[in-house]
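Participant: the following comprises the amino acid sequence and a computationally predicted model.
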Amino acid sequence: MKLIRKISRGLFSVTAVFALLQFASCNLVMVAIRNVPTFFEAPADVKNKIKNPVRPDARLSALWIGHATVLLQMDDKIIITDPFLTETAGEFARRVIDPGIDIENIPACDLILLSHSHFDHLNLGSLSILEEKSGKKGKLVFPNDMENYLPDYKMKTVRLGNNSGYSSGIVGESRIIDGVKVTAVYSQHWGGRYGIDGYLWGDKAFTGYVLEYNGMTVYFAGDTGYDSLKYKQLGKQFNIDLAFIPIGPCADCKQCGTFNHVFPVDAVSLFNDIGARWMVPIHYGTLHFAQADPMEPLYAFREITAKDEDPGRFKILAIGEQVVLLEK
């Protein structure tokens with residue numbers, strides 16, 4: 001299998017095959033069409049970007065950089081999720097808005113979390129930027145088999161087992177990394193780099209994460225579909241303070257999601273199932289997908305959560321906005 005993957009990776013590096021695979025899955029024809037206008041205009045500016053994101057008054061804070069990228073502070077630890085800091089994700093998707101922080105203001109990160117290897121989550125250019133920023137301090141954390149898509153980095157790499165795509169159990173491997181307990185947890189998604197290859201080779205390199213440090217617990221969902229039973233089980237195993245949960249991409253954003261992606265309705269259900277204290281919605285507003293306007297998930301999410309008994313649980317951030325959840 002490893003030999004087949006190596007051969008396939010070599011073939012995929014050929015531009016024509018690469019393009020074919022991109023167009024062959026996940027409505028990427030429509031993704032490309034929707035992204036054509038973005039290549040003729042610059043991404044929108046983010047006003048008043050934060051220059052000093054490490055807060056001396058904060059125990060727990062989150063700065064949304066865009067898409068699935070969050071800069072998380074847990075006391076003295078700085079963690080970034082699925083870093084996407086460049087203008088493009090793959091060949092056909094360009095950001096519609098700048099990253100929510102300038103690169104020179106990104107601090108050295110203790111942990112860099114990768115949930116899966118799709119282009120909008122595994123951005124190699126961004127990892128090179130973070131390697132330069134973080135040096136030996138940075139630890140690159142990823143699920144089993146993602147190493148097939150990673151070049152060699154000077155950063156220490158930490159591979160976590162994920163029960164072969166959570167085919168058995170909802171909790172994978174746990175490690176203590178620089179004092180932070182990192183646990184790979186259930187995700188309902190698919191692997192691969194080019195979309196279709198994840199199905200062809202049965203790639204299972206996908207995961208969510210639970211981070212535990214100094215009495216605080218944070219959950220990062222990555223990309224996932226919804227399974228109420230499994231997420232209720234997850235909520236029983238962890239006392240989660242803060243959850244980063246995707247709400248897009250979606251077609252009819254007021255309907256339930258697909259097998260691989262939650263929409264706003266089941267993102268809220270997932271949040272309730274795990275029993276977290278706060279939720280920050282992510283995975284919208286940054287890229288054109290085939291399904292809808294980049295901001296459409298947020299419109300539906302606002303309408304759904306406005307009816308909640310405690311709407312303050314939902315921390316909706318603008319790109320570049322930071323929220324402090326726990327103060328010192």
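Facilitator: The structure has been received and is ready for your questions.

Participant: nearest residue to N123 other than its sequence neighbours?
Facilitator: Counting by CB to CB, 6 or more residues apart in numbering, N123 lies nearest to F84, which is 4.7 Å off, once chain neighbours are set aside. Bear in mind the C-beta positions are built from the backbone N, C-alpha and C, glycine included.

Participant: select the longest strand from the chain.
Facilitator: Longest strand of the chain, by residue count under DSSP state E: strand 58-66.

Participant: what residues sit buried inside that one?
Facilitator: 58-66 (16 or more other CB atoms under 10 Å).

Participant: between those residues, which is closest to D102?
Facilitator: Of all the buried residues of strand 58-66, I65 has the smallest distance to D102: 10.4 Å, by CB to CB.

Participant: sorry, back to before: JSON lines for the buried residues of strand 58-66, including distance to T286 and pLDDT?
Facilitator: Output for the buried residues of strand 58-66, formatted as JSON lines (distance: CB to CB, whole Å; pLDDT from 0 to 100):
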{"residue": "A58", "distance to T286": "24", "pLDDT": "98"}
{"residue": "R59", "distance to T286": "28", "pLDDT": "98"}
{"residue": "L60", "distance to T286": "24", "pLDDT": "98"}
{"residue": "S61", "distance to T286": "20", "pLDDT": "98"}
{"residue": "A62", "distance to T286": "16", "pLDDT": "98"}
{"residue": "L63", "distance to T286": "14", "pLDDT": "98"}
{"residue": "W64", "distance to T286": "10", "pLDDT": "98"}
{"residue": "I65", "distance to T286": "9", "pLDDT": "98"}
{"residue": "G66", "distance to T286": "4", "pLDDT": "98"}
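
Participant: which of the residues you listed sit farthest apart?
Facilitator: R59 and G66 (24.2 Å).

Participant: helix/strand/coil for R302?
Facilitator: helix (DSSP: H, G, I helix; E, B strand; the rest coil).

Participant: nope, P56 is what I was after
Facilitator: coil.

Participant: repeat that for I176.
Facilitator: I176 ends up strand, using three-state DSSP.

Participant: what about it, how many neighbours?
Facilitator: 10 (other CB atoms under 10 Å).

Participant: contacts only, for it.
Facilitator: Residues in contact with I176 (CB atoms under 8 Å, 6 or more residues apart in numbering) are V182.

Participant: now it: how far from G66?
Facilitator: Distance of I176 to G66, computed by CB to CB, to the nearest Å: 30 Å.

Participant: what about N214, neighbour count?
Facilitator: Counted with other CB under 10 Å, N214 comes out at 13.

Participant: and it, what is it in contact with?
Facilitator: Per CB under 8 Å, 6+ apart, neighbours of N214: 59, 74-75.

Participant: cool, and D145?
Facilitator: Contacts of D145 by CB under 8 Å, 6+ apart are 191, 203-205.

Participant: could you rerun that using 6 Å?
Facilitator: Counting by CB atoms under 6 Å, 6 or more residues apart in numbering, D145 touches A205.

Participant: next one: it relative to I103, how far apart?
Facilitator: Applying CB to CB to D145 and I103 gives a distance of 29 Å.

Participant: not counting its neighbours along the chain, what's nearest the residue nearest the centre of the chain?
Facilitator: The centroid of the chain falls nearest to A68 when counting by CA atoms, centre = their mean (3.6 Å). Leaving out its chain neighbours, the residue that sits closest to A68 by CB to CB, 6+ apart is D82, at 4.1 Å.

Participant: isn't that neighbour right up against G66?
Facilitator: No: counting by CB atoms under 6 Å, D82 stays clear of G66, with 10.5 Å between them.

Participant: mind listing the residues bridging to the nearest residue to L287 once chain neighbours are set aside?
Facilitator: Of all residues not flanking L287 in the chain, A93 sits nearest, at 5.0 Å (CB to CB, 6+ apart). Note on A93: beta-bridge partners by DSSP bridges are A89.

Participant: count of residues packed around A93?
Facilitator: Neighbours of A93 under the rule other CB under 10 Å: 24.

Participant: state the distance from it to N148.
Facilitator: For A93, the distance to N148 - CB to CB - is 22 Å.

Participant: before we move on, what about V323?
Facilitator: For V323, the distance to N148 (CB to CB) stands at 36 Å.

Participant: neighbour count: those two, which is higher?
Facilitator: Neighbour count, other CB under 10 Å: between V323 and N148, N148 has more, with 19 against 16.

Participant: so who does G225 touch?
Facilitator: 188, 259-260.

Participant: three-state assignment of the residue lying closest to it once chain neighbours are set aside?
Facilitator: The shortest distance from G225 to any residue other than its chain neighbours is 3.9 Å, reached at Q188 (CB to CB, 6+ apart). Here Q188 is recorded as coil under three-state DSSP.

Participant: read off the pLDDT value for Q188.
Facilitator: Looking at Q188, its pLDDT stands at 96.

Participant: who's in contact with it?
Facilitator: 224-225, 227.

Participant: check the burial of the residue nearest to N123 by counting its neighbours.
Facilitator: Counted with other CB under 10 Å, residues neighbouring F84 total 25.
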